[in-house]
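In: Provide a 3D model corresponding to the input given below.
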Amino acid sequence: MSQESIDSGRREFVKRAALGSGFAAAVLPVTAQTIRTASDGLEVGEVTVLSGGFQVPAYRAMPKGAKNPPVVLVISEIFGVHEHIADITRRFARLGYMALAPELFVRQGDAGAYGEMSKLMDEVVNKVPDAQVMADLDATVAWAKEQGGDTSRLGVTGFCWGGRLTWLYAAHNPTVKAGVAWYGKLVRTPATPPENLQPRQPVELAGALKAPVLGLYGGQDPSIPLDTVDKMKSALAQGSAAARHSAFHIYPDAPHAFNADYRTSYRKDAADDGWKRCIDWFKANGVA
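Out: Okay, the predicted model is just below:
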């Protein structure tokens with residue numbers, strides 16, 4: 001890596017003075033194709049959600065003056081709520097949603113500060129209990145309702161780490177209308193954290209889904225083999241009405257993180273099509 005790239009990366013990291021600004025150290029330098037959605041006409045910025053006596057920061061975006069907007073939870077990748085995740089909330093806001101991205105790693109550490117992926121996983125990500133995440137998401141939904149969001153039109157979407165949690169939250173919260181999971185792991189693997197932190201995987205909860213989930217996955221993703229998608233499909237087919245209504249769309253030539261426009265894994269055609277499918281799925285299932 002050139003000195004210019006290193007210096008550029010440091011400048012981007014320094015910008016992370018507030019939640020949703022700048023990029024996580026582990027992904028620097030970002031690519032030139034990075035999408036930046038304007039915030040004019042929107043209410044954007046950090047809010048605080050009280051969850052079990054703990055103050056959880058969240059990035060919120062919504063149209064200015066919106067009355068009773070539908071609510072979408074945006075669950076980040078392992079890098080936390082950096083600029084890419086904030087940008088996705090603004091994309092939803094431009095479509096009329098109140099979008100909220102809670103910083104779900106805040107108790108364990110600053111995911112954005114880690115430059116080494118292995119340390120980030122070992123010291124932060126793999127120490128986060130599923131139960132803690134479910135409670136923080138519930139608290140975020142309650143906050144949205146208190147602030148005038150219409151949580152009877154509640155959707156959830158997430159990416160990678162957040163994709164797995166999208167499946168879990170659709171099985172956890174009966175008020176969720178629909179979910180969209182982008183390349184989230186589905187089964188237990190040797191790298192999965194212990195059962196006291198992650199007691200059940202999406203494939204084990206498929207039959208109990210309370211809302212239909214659309215899975216958007218890459219056919220060239222070695223971290224999520226397509227045979228695990230087939231296992232999930234089989235589990236869904238034997239489950240609840242919401243489980244049977246769930247679906248997958250596979251992009252045969254796309255790798256993992258194909259929606260991450262700030263990374264070299266980005267595939268514009270798949271990302272654009274996935275975004276359209278995400279919005280259409282929400283509309284078709286009462287999140288609009």
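
In: contacting residues for the closest residue to D150 other than its chain neighbours?
Out: Setting aside the residues directly before and after it, D150 is nearest to N68 in space (C-beta to C-beta, 6 or more residues apart in numbering), at 4.4 Å. Bear in mind the C-beta positions are built from the backbone N, C-alpha and C, glycine included. For N68, the contacting residues are G148, G149, D150, by C-beta atoms under 8 Å, 6 or more residues apart in numbering.

In: possible to save the residues you listed as CSV with secondary structure, distance to H249 and pLDDT?
Out: Formatted as CSV, the entries for these read as follows, by DSSP: H, G, I helix; E, B strand; the rest coil; distance: C-beta to C-beta, whole Å; pLDDT from 0 to 100:
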residue, secondary structure, distance to H249, pLDDT
G148, coil, 33, 97
G149, coil, 28, 98
D150, strand, 27, 98
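
In: which of those residues has the most neighbours?
Out: G149 (24 neighbours; other C-beta atoms under 10 Å).

In: that one against L73, yeah?
Out: No - taking C-beta atoms under 8 Å as the definition, G149 is not a contact partner of L73, at 10.6 Å.

In: coming back round to it: export the contacts of N68 to TSV and tack on distance to A113?
Out: As requested, the contacts of N68 are exported to TSV (distance: C-beta to C-beta, whole Å):
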residue	distance to A113
G148	34
G149	31
D150	36
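
In: which single one of the residues you listed is nearest to A101?
Out: When those are compared for distance to A101, the smallest value, 13.9 Å, is given by G149; criterion: C-beta to C-beta.

In: contacts only, for that closest one.
Out: With contacts taken as C-beta under 8 Å, 6+ apart, G149 has the following neighbours: M62, N68, P69, P70, V71, M98.

In: now tabulate these in a markdown table and tack on distance to I35.
Out: A markdown table is the format used below for the contacts of G149 (distance: C-beta to C-beta, whole Å):
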| residue | distance to I35 |
| --- | --- |
| M62 | 19 |
| N68 | 28 |
| P69 | 22 |
| P70 | 22 |
| V71 | 23 |
| M98 | 21 |
